[in-house]
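*Asks:* Let me see the structure of the following:
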Amino acid sequence: MGKKLYVGNLSFRVGNADLEELFAQYGTVESVQIVEDRATGQSRGFGFVEMSSSTEAEAAVAALNSSDFAGRTLTVNEARPRAQREGGRRDRW
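*Replies:* This is a model prediction of the structure:
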């Protein structure tokens, strides 16, 4: 298992510090990023946490997946690589 985890179904009130505190119970948190809407800056309800080791990441997934946090049932699993998107600008005539 990799060290980067996907965390879904987050309450919109949860911030990066809240998520870091939650995951720090299972090891060293290298980084936390809650994904925000570009236009509004509001949380999109999911984010990513990177742990310092695969063992810590596995412990966090085992403990937190399907657990309740801030009134929501979390989805926690290994992050998948971002899908390739078609690049380039399309001119519209």
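
*Asks:* quick one: average pLDDT of stretch 29-43?
*Replies:* For stretch 29-43, mean pLDDT rounds to 95.

*Asks:* ok now do residue 5, which residues does it touch?
*Replies:* 23, 48, 49, 50, 51, 57, 60, 61, 76, 77, 78, 79 (CB atoms under 8 Å, 6 or more residues apart in numbering). In short, each C-beta sits where N, CA and C put it, glycine included.

*Asks:* Backbone dihedrals for it, please?
*Replies:* Torsion angles at residue 5 (phi, psi; degrees, to the nearest 10) stand at phi -120, psi 140.

*Asks:* One more: residue 59?
*Replies:* phi -60, psi -40.

*Asks:* What of the one 4 residues further on?
*Replies:* Residue 63 has phi and psi values of phi -80, psi -30 when expressed as degrees, to the nearest 10.

*Asks:* tell me the contacts of it?
*Replies:* Here residue 63 is in contact with 25, 26 (CB under 8 Å, 6+ apart).
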